[in-house]
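1. here you go, sequence then predicted model.
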Amino acid sequence: MIAAYEYNFITGASELLALVENKYRLYILHKPVEYEVRFDSGILHVRTEAGFEFDGRSGPAIIDWFAPNLGSIYEKVAWHMHDALGYAQSLSFANTNYALKYFLRDIVGYSKFKSELIRKAVSLSKDWYGVPMPNDRWFVNVDKVDTRWYEI
């Protein structure tokens, strides 16, 4: 995977568009969100059900000037995609982070430097990656996410 080309909503674009930053940095989707992202080596299909929760761009508010917690619709899709991939594990930890990098660079329009820096930051810890356990904050998502990778 070296590039992202496009994404297309199947449903739920208005659900992500309507999200507004809040002091808790927690966003609950009230309707399903589903889209596909075409990369150079495959197509990623992402679907989350109503009740899916995510935190936008993870990390403290002090770096919102660099990468917003929610941002544009493109950034919202990037953060949503990254969290969904982490829980569903249809891509490896490394490729999940590369998918974020290429989406940020090629779709959102971040610079090569900025998208690579974000990839490196999210690669520092695997604590967020994997199927949420019953005592995990994100366990609520365990049955609300489906991602699939189709090689082309």
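-> Structure's in. What do you need?

2. make it CA atoms for all contacts and neighbour counts henceforth
-> Fine.

3. Phe66: how many residues sit nearby?
-> Residues contacting Phe66 under the criterion other C-alpha atoms under 10 Å number 10.

4. helix, strand or coil for it?
-> Using DSSP: H, G, I helix; E, B strand; the rest coil, the structure places Phe66 in coil.

5. what do you get for Tyr24?
-> Tyr24 ends up coil, using three-state DSSP.

6. distance of it relative to Glu49?
-> Look at Tyr24 and Glu49: by C-alpha to C-alpha, to the nearest Å, they are 21 Å apart.

7. more crowded one of these two?
-> Higher neighbour count among Tyr24 and Glu49: Glu49, with 18 against 7, using other C-alpha under 10 Å.

8. what's the local residue count around the residue nearest to Ala61 when sequence neighbours are not counted?
-> Closest residue in space to Ala61, ignoring its immediate chain neighbours: Asn69 at 7.4 Å, by C-alpha to C-alpha, 6 or more residues apart in numbering. Counted by other C-alpha under 10 Å, the residues lying close to Asn69 total 24.

9. again with Ala4
-> 22.

10. same thing with the one 5 residues further on?
-> Using other C-alpha under 10 Å, Phe9 has 15 neighbouring residues.

11. and it, what element?
-> Phe9 is part of strand 4-11 when elements are defined by DSSP states H and E.

12. continuing past the lengthiest helix in the chain, what's the next helix or strand?
-> Longest helix of the chain, by residue count under DSSP state H: helix 73-88. Following helix 73-88 in sequence order, the next helix or strand is helix 93-103 (DSSP H and E).

13. chain center to that next one, what's the gap?
-> A distance of 9 Å separates the centroid of the chain from that of helix 93-103, by C-alpha atoms, centre = their mean, to the nearest Å.

14. not counting the helix or strand that comes right after it itself, show me its contacts.
-> Where DSSP H and E defines the elements, the next helix or strand beyond helix 93-103 is helix 112-122. The contact list for helix 112-122, computed with C-alpha atoms under 8 Å, 6 or more residues apart in numbering, reads 97-98, 100-102, 104-105.
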